[in-house]
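Participant: Sequence plus the predicted model coming up.
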Amino acid sequence: MFDDLRRKFETDGYAVIEGFFSNEEVEEMKNEALNLIKQMPNAAERTEFDASNSDGEQNKSKYFIDSSDKISYFFESGAFDPNGELLVAPELSLNKIGHALHELNSVFRKYTFCERIKEAAFQLGFEDPVVPQSMYIFKNPGKSSEVMAHQDATYIHTEPTSCVGFWIPLDDTTIENGCLWFSRGSHKSGVHRRYIRNPDKTSEDLLVFTSPAPYYQKSNFTAVPVKKGSCILIHGQVVHFSEPNKSKTPRNAYTFHIVEQKNTKYSEDNWAQPKEGKSFMSLYRN
Ligand code: FE2
(Lines give C-alpha, C1' and ligand atoms only; values in the text may rest on other atoms or scores of the structure.)
Protein backbone atom coordinates (compact mmCIF):
# COMPACT_ATOMS: atom_id res chain seq x y z
CA MET A 1 0.00 0.00 0.00
CA PHE A 2 2.83 2.40 0.84
CA ASP A 3 5.27 1.44 -1.94
CA ASP A 4 7.13 4.43 -3.27
CA LEU A 5 4.82 6.79 -1.39
CA ARG A 6 7.44 9.24 -0.23
CA ARG A 7 9.15 9.46 -3.62
CA LYS A 8 5.86 10.21 -5.41
CA PHE A 9 4.88 12.71 -2.72
CA GLU A 10 8.20 14.53 -2.87
CA THR A 11 8.22 14.59 -6.68
CA ASP A 12 4.63 15.64 -7.37
CA GLY A 13 3.49 17.25 -4.11
CA TYR A 14 0.72 14.69 -3.72
CA ALA A 15 0.31 10.92 -3.67
CA VAL A 16 -2.72 8.67 -4.11
CA ILE A 17 -3.17 5.52 -2.04
CA GLU A 18 -5.98 3.45 -3.55
CA GLY A 19 -8.18 1.15 -1.48
CA PHE A 20 -7.18 2.87 1.76
CA PHE A 21 -10.63 2.43 3.35
CA SER A 22 -13.09 -0.41 2.65
CA ASN A 23 -16.61 0.19 1.32
CA GLU A 24 -17.99 -0.59 4.79
CA GLU A 25 -15.72 2.02 6.38
CA VAL A 26 -16.71 4.57 3.75
CA GLU A 27 -20.41 3.89 4.44
CA GLU A 28 -19.83 4.27 8.18
CA MET A 29 -18.36 7.75 7.64
CA LYS A 30 -21.18 8.79 5.29
CA ASN A 31 -23.81 7.57 7.74
CA GLU A 32 -22.10 9.45 10.54
CA ALA A 33 -22.35 12.67 8.54
CA LEU A 34 -26.11 12.06 8.27
CA ASN A 35 -26.22 11.56 12.05
CA LEU A 36 -24.40 14.87 12.50
CA ILE A 37 -27.00 16.58 10.32
CA LYS A 38 -29.74 15.19 12.58
CA GLN A 39 -27.94 16.74 15.57
CA MET A 40 -27.60 20.13 13.86
CA PRO A 41 -28.34 23.27 15.90
CA ASN A 42 -31.72 24.93 15.46
CA ALA A 43 -32.43 27.84 13.12
CA ALA A 44 -31.89 30.52 15.80
CA GLU A 45 -28.26 29.50 16.26
CA ARG A 46 -27.64 29.20 12.56
CA THR A 47 -28.54 32.80 11.73
CA GLU A 48 -25.16 33.96 13.04
CA PHE A 49 -23.47 32.85 9.84
CA ASP A 50 -26.12 34.10 7.51
CA ALA A 51 -24.26 36.67 5.38
CA SER A 52 -27.47 38.60 4.78
CA ASN A 53 -27.46 40.01 8.31
CA SER A 54 -25.76 43.41 8.69
CA ASP A 55 -22.49 42.34 10.30
CA GLY A 56 -22.59 38.94 8.67
CA GLU A 57 -18.98 38.83 7.50
CA GLN A 58 -17.57 39.48 10.95
CA ASN A 59 -19.94 36.97 12.53
CA LYS A 60 -18.95 34.42 9.91
CA SER A 61 -15.24 34.92 10.69
CA LYS A 62 -15.90 34.60 14.40
CA TYR A 63 -17.96 31.46 13.86
CA PHE A 64 -15.11 30.08 11.74
CA ILE A 65 -12.42 30.90 14.33
CA ASP A 66 -14.54 29.48 17.15
CA SER A 67 -15.12 26.24 15.22
CA SER A 68 -11.56 24.94 15.71
CA ASP A 69 -12.53 22.91 18.79
CA LYS A 70 -16.18 22.30 17.87
CA ILE A 71 -18.45 20.53 15.44
CA SER A 72 -19.79 23.50 13.47
CA TYR A 73 -21.96 23.62 10.36
CA PHE A 74 -21.10 25.77 7.34
CA PHE A 75 -23.69 26.36 4.64
CA GLU A 76 -23.41 27.44 1.04
CA SER A 77 -24.22 31.12 0.57
CA GLY A 78 -27.88 31.65 -0.22
CA ALA A 79 -28.91 28.56 1.75
CA PHE A 80 -31.24 30.56 4.02
CA ASP A 81 -34.30 32.75 3.55
CA PRO A 82 -34.39 36.14 5.36
CA ASN A 83 -35.92 34.47 8.45
CA GLY A 84 -32.98 32.10 8.78
CA GLU A 85 -34.91 29.11 7.49
CA LEU A 86 -33.15 26.70 5.17
CA LEU A 87 -34.36 26.86 1.58
CA VAL A 88 -33.41 23.25 0.80
CA ALA A 89 -32.62 20.17 2.90
CA PRO A 90 -29.41 20.52 4.98
CA GLU A 91 -27.64 17.64 3.24
CA LEU A 92 -28.08 19.59 -0.02
CA SER A 93 -27.20 23.06 1.34
CA LEU A 94 -24.29 22.29 3.67
CA ASN A 95 -20.81 23.16 2.47
CA LYS A 96 -18.95 21.44 5.31
CA ILE A 97 -18.87 20.43 8.96
CA GLY A 98 -15.72 21.18 10.98
CA HIS A 99 -13.22 21.59 12.48
CA ALA A 100 -12.82 19.15 15.40
CA LEU A 101 -14.54 16.01 14.10
CA HIS A 102 -11.30 14.11 14.70
CA GLU A 103 -11.50 14.95 18.38
CA LEU A 104 -15.20 15.06 19.24
CA ASN A 105 -16.84 12.47 16.99
CA SER A 106 -16.13 8.82 17.74
CA VAL A 107 -16.33 7.59 14.11
CA PHE A 108 -14.06 10.27 12.60
CA ARG A 109 -11.75 10.00 15.60
CA LYS A 110 -11.41 6.24 15.05
CA TYR A 111 -10.43 6.66 11.40
CA THR A 112 -8.20 9.72 11.86
CA PHE A 113 -6.10 7.92 14.45
CA CYS A 114 -6.11 4.47 12.80
CA GLU A 115 -2.88 2.57 12.17
CA ARG A 116 -3.00 3.11 8.38
CA ILE A 117 -3.01 6.89 8.79
CA LYS A 118 -0.15 6.73 11.30
CA GLU A 119 1.83 4.51 8.94
CA ALA A 120 1.30 6.93 6.03
CA ALA A 121 2.51 9.84 8.18
CA PHE A 122 5.48 7.77 9.32
CA GLN A 123 6.33 6.90 5.70
CA LEU A 124 6.40 10.62 4.89
CA GLY A 125 8.91 11.16 7.68
CA PHE A 126 6.73 12.68 10.40
CA GLU A 127 8.25 12.29 13.86
CA ASP A 128 5.69 13.94 16.12
CA PRO A 129 2.62 15.02 14.10
CA VAL A 130 -0.47 16.69 15.54
CA VAL A 131 -3.90 17.23 13.98
CA PRO A 132 -4.97 20.91 13.93
CA GLN A 133 -8.24 20.47 12.03
CA SER A 134 -10.67 18.14 10.25
CA MET A 135 -13.64 18.67 7.94
CA TYR A 136 -16.47 16.76 6.32
CA ILE A 137 -17.06 18.25 2.87
CA PHE A 138 -20.36 17.79 1.02
CA LYS A 139 -19.49 19.29 -2.38
CA ASN A 140 -23.10 19.60 -3.41
CA PRO A 141 -24.04 20.12 -7.07
CA GLY A 142 -23.86 23.80 -8.05
CA LYS A 143 -21.52 26.66 -8.80
CA SER A 144 -20.94 27.59 -5.15
CA SER A 145 -19.15 24.31 -4.47
CA GLU A 146 -16.10 25.41 -6.49
CA VAL A 147 -12.82 25.57 -4.52
CA MET A 148 -10.39 28.07 -6.07
CA ALA A 149 -6.71 27.16 -6.57
CA HIS A 150 -4.83 27.42 -3.27
CA GLN A 151 -2.12 25.95 -1.08
CA ASP A 152 -3.18 24.48 2.27
CA ALA A 153 -0.12 26.12 3.89
CA THR A 154 -1.86 29.45 3.26
CA TYR A 155 -4.25 28.44 6.04
CA ILE A 156 -2.13 26.05 8.14
CA HIS A 157 1.33 27.53 8.31
CA THR A 158 4.41 26.27 10.14
CA GLU A 159 8.11 27.19 10.04
CA PRO A 160 9.40 25.26 8.17
CA THR A 161 6.34 24.15 6.17
CA SER A 162 5.13 20.77 7.39
CA CYS A 163 1.38 20.67 6.71
CA VAL A 164 0.06 17.57 4.95
CA GLY A 165 -3.59 17.01 4.09
CA PHE A 166 -5.25 13.59 4.14
CA TRP A 167 -8.15 13.74 1.69
CA ILE A 168 -10.53 10.78 1.69
CA PRO A 169 -13.35 10.78 -0.89
CA LEU A 170 -16.49 8.92 0.20
CA ASP A 171 -17.88 8.89 -3.35
CA ASP A 172 -16.01 8.05 -6.55
CA THR A 173 -14.60 11.37 -7.81
CA THR A 174 -14.75 12.34 -11.49
CA ILE A 175 -14.04 15.42 -13.57
CA GLU A 176 -17.82 15.95 -13.69
CA ASN A 177 -18.41 15.87 -9.93
CA GLY A 178 -15.40 17.98 -8.97
CA CYS A 179 -12.36 15.77 -8.37
CA LEU A 180 -9.13 17.41 -7.19
CA TRP A 181 -6.74 18.96 -9.73
CA PHE A 182 -3.06 19.41 -8.88
CA SER A 183 -0.23 21.52 -10.24
CA ARG A 184 2.46 18.84 -10.13
CA GLY A 185 5.68 19.98 -8.50
CA SER A 186 4.24 23.33 -7.40
CA HIS A 187 5.03 22.43 -3.77
CA LYS A 188 8.62 23.45 -4.54
CA SER A 189 7.65 27.08 -5.07
CA GLY A 190 7.27 28.28 -1.46
CA VAL A 191 4.17 29.61 0.30
CA HIS A 192 2.50 32.14 -2.02
CA ARG A 193 0.35 33.93 0.52
CA ARG A 194 -1.08 33.47 3.97
CA TYR A 195 -4.47 33.78 5.63
CA ILE A 196 -3.96 35.17 9.12
CA ARG A 197 -5.67 36.64 12.16
CA ASN A 198 -5.73 40.34 11.42
CA PRO A 199 -2.94 42.13 13.33
CA ASP A 200 -5.10 45.29 13.06
CA LYS A 201 -7.41 44.70 16.00
CA THR A 202 -9.47 47.80 15.18
CA SER A 203 -10.48 46.31 11.82
CA GLU A 204 -13.85 44.73 11.13
CA ASP A 205 -12.04 41.91 9.32
CA LEU A 206 -10.88 39.28 11.80
CA LEU A 207 -9.08 37.22 9.16
CA VAL A 208 -7.16 38.57 6.17
CA PHE A 209 -5.03 37.38 3.26
CA THR A 210 -1.49 38.79 3.22
CA SER A 211 -1.66 39.39 -0.57
CA PRO A 212 -4.10 38.98 -3.47
CA ALA A 213 -4.59 35.53 -5.00
CA PRO A 214 -1.83 34.69 -7.49
CA TYR A 215 -2.78 33.82 -11.05
CA TYR A 216 -2.50 30.08 -11.65
CA GLN A 217 -2.54 28.94 -15.28
CA LYS A 218 -5.13 26.19 -15.64
CA SER A 219 -3.11 24.21 -18.20
CA ASN A 220 -0.55 23.44 -15.45
CA PHE A 221 -3.07 21.32 -13.57
CA THR A 222 -3.74 17.58 -13.78
CA ALA A 223 -7.12 16.07 -12.85
CA VAL A 224 -6.82 13.31 -10.27
CA PRO A 225 -10.09 11.34 -10.24
CA VAL A 226 -10.03 8.55 -7.64
CA LYS A 227 -12.35 5.85 -6.28
CA LYS A 228 -14.12 6.26 -2.96
CA GLY A 229 -12.06 5.04 -0.03
CA SER A 230 -8.79 6.20 -1.58
CA CYS A 231 -6.55 8.57 0.33
CA ILE A 232 -4.81 11.50 -1.34
CA LEU A 233 -1.87 12.94 0.59
CA ILE A 234 -1.54 16.65 -0.13
CA HIS A 235 1.67 18.61 0.48
CA GLY A 236 0.95 21.93 2.19
CA GLN A 237 2.53 23.88 -0.68
CA VAL A 238 1.09 22.04 -3.70
CA VAL A 239 -1.44 24.21 -5.56
CA HIS A 240 -4.78 22.44 -6.08
CA PHE A 241 -8.42 23.21 -6.78
CA SER A 242 -11.74 21.55 -7.51
CA GLU A 243 -14.31 22.63 -10.06
CA PRO A 244 -18.01 22.96 -9.25
CA ASN A 245 -19.88 19.69 -8.96
CA LYS A 246 -21.74 19.40 -12.26
CA SER A 247 -23.25 15.99 -11.50
CA LYS A 248 -26.59 15.53 -9.79
CA THR A 249 -25.33 14.08 -6.50
CA PRO A 250 -23.01 15.32 -3.71
CA ARG A 251 -19.35 14.32 -3.70
CA ASN A 252 -18.66 13.70 -0.03
CA ALA A 253 -15.15 13.67 1.46
CA TYR A 254 -13.54 13.54 4.87
CA THR A 255 -10.29 15.47 5.21
CA PHE A 256 -7.90 16.50 7.95
CA HIS A 257 -4.42 17.96 8.23
CA ILE A 258 -1.34 17.15 10.23
CA VAL A 259 1.68 19.30 11.04
CA GLU A 260 5.05 18.36 12.54
CA GLN A 261 5.82 19.50 16.08
CA LYS A 262 9.46 18.48 16.31
CA ASN A 263 11.82 21.37 15.46
CA THR A 264 8.86 23.16 13.87
CA LYS A 265 6.99 26.29 14.91
CA TYR A 266 3.24 26.48 14.46
CA SER A 267 2.42 30.04 13.38
CA GLU A 268 0.63 32.04 16.05
CA ASP A 269 -1.38 33.99 13.51
CA ASN A 270 -2.98 30.90 11.91
CA TRP A 271 -6.77 30.98 12.23
CA ALA A 272 -6.82 27.65 14.13
CA GLN A 273 -5.11 27.79 17.49
CA PRO A 274 -5.18 25.28 20.32
CA LYS A 275 -7.50 26.48 23.04
CA GLU A 276 -6.01 27.93 26.24
CA GLY A 277 -4.02 25.27 28.09
CA LYS A 278 -4.65 22.62 25.43
CA SER A 279 -2.63 21.32 22.52
CA PHE A 280 -3.64 19.79 19.20
CA MET A 281 -4.08 16.02 19.36
CA SER A 282 -0.96 13.96 18.76
CA LEU A 283 -1.40 11.55 15.82
CA TYR A 284 0.89 8.84 17.17
CA ARG A 285 -0.18 9.00 20.81
CA ASN A 286 -3.95 8.70 20.34
FE1 FE2 B 1 -6.89 22.39 0.01
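Facilitator: Perfect, I can see it now. Residues are numbered from 1 along each chain as shown.

Participant: quick one: contacts for the nearest residue to F21 once chain neighbours are set aside?
Facilitator: For F21, the nearest residue in space outside its immediate sequence neighbours is G229; the separation is 4.1 Å by Cβ to Cβ, 6 or more residues apart in numbering. C-beta: built from backbone N, CA, C; applies to glycine. Listed by Cβ atoms under 8 Å, 6 or more residues apart in numbering, the contact partners of G229 are G19, F20, F21, S22, N23, E25, V26, I168, P169, L170.

Participant: I'd like the distance between D269 and T161.
Facilitator: Counting by Cβ to Cβ, to the nearest Å, the separation of D269 from T161 is 15 Å.

Participant: Comparing those two, which residue is more hemmed in?
Facilitator: Neighbours per residue, other Cβ atoms under 10 Å: of D269 and T161, the larger number sits with T161, 20 against 15.

Participant: Assign that one to helix, strand or coil.
Facilitator: Each residue gets one of three states, and T161 gets coil by DSSP: H, G, I helix; E, B strand; the rest coil.

Participant: I'd say it and A153 touch.
Facilitator: Yes - taking Cβ atoms under 8 Å as the contact criterion, T161 and A153 are neighbours in contact, 5.2 Å apart.

Participant: okay, and the common contacts of those two?
Facilitator: Shared contacts of T161 and A153, defined by Cβ under 8 Å, 6+ apart, are found at V191, G236, Q237.

Participant: can you put those in JSON lines and add distance to L207?
Facilitator: What follows is those, written out as JSON lines (distance: Cβ to Cβ, whole Å):
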{"residue": "V191", "distance to L207": "17"}
{"residue": "G236", "distance to L207": "18"}
{"residue": "Q237", "distance to L207": "20"}
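
Participant: most surrounded residue in the residues you listed?
Facilitator: For the shared contacts of T161 and A153, the largest number of neighbours (other Cβ under 10 Å) sits with G236, at 23 neighbours.

Participant: Not counting residues beside it along the chain, what's closest to that one?
Facilitator: C163 (3.2 Å).

Participant: So what does E24 look like in phi/psi?
Facilitator: The phi/psi pair for E24 (degrees, to the nearest 10) reads phi -60, psi -40.

Participant: Quick check: N23 vs R109, distance?
Facilitator: Taking Cβ to Cβ as the measure, N23 falls 21 Å from R109.

Participant: more neighbours, those two?
Facilitator: Taking N23 and R109 together and counting by other Cβ under 10 Å, R109 has the greater number of neighbours (18 against 11).

Participant: now that one, what's its secondary structure?
Facilitator: R109 falls in the helix class when you classify it by three-state DSSP.

Participant: Pretty sure it sits against E103.
Facilitator: Yes - applying Cβ under 8 Å as the test, R109 and E103 come out as touching, 6.5 Å apart.

Participant: Give the burial count for the residue nearest to T210 when sequence neighbours are not counted, as a bare number.
Facilitator: Across the structure, with Cβ to Cβ, 6+ apart as the measure, the residue nearest T210 apart from its sequence neighbours is R194 (4.6 Å). Using other Cβ under 10 Å, R194 has 18 other residues around it.

Participant: OK, contacts around R194?
Facilitator: Remark: with contacts taken as Cβ under 8 Å, 6+ apart, R194 is in contact with T154, H157, F209, T210, S267, D269.

Participant: again with G165
Facilitator: With contacts defined as Cβ under 8 Å, 6+ apart, G165 is in contact with D152, I232, L233, I234, G236, T255, F256, H257.

Participant: try 10 Å
Facilitator: The neighbourhood of G165, defined by Cβ atoms under 10 Å, 6 or more residues apart in numbering, consists of 14, 133, 135, 152-153, 156, 180, 232-236, 238, 240, 255-258.

Participant: before we move on, the earlier item: pull up the overlap in contacts between R109 and E103.
Facilitator: Common neighbours of R109 and E103, using Cβ under 10 Å, 6+ apart, are V131, S134, M281, N286.
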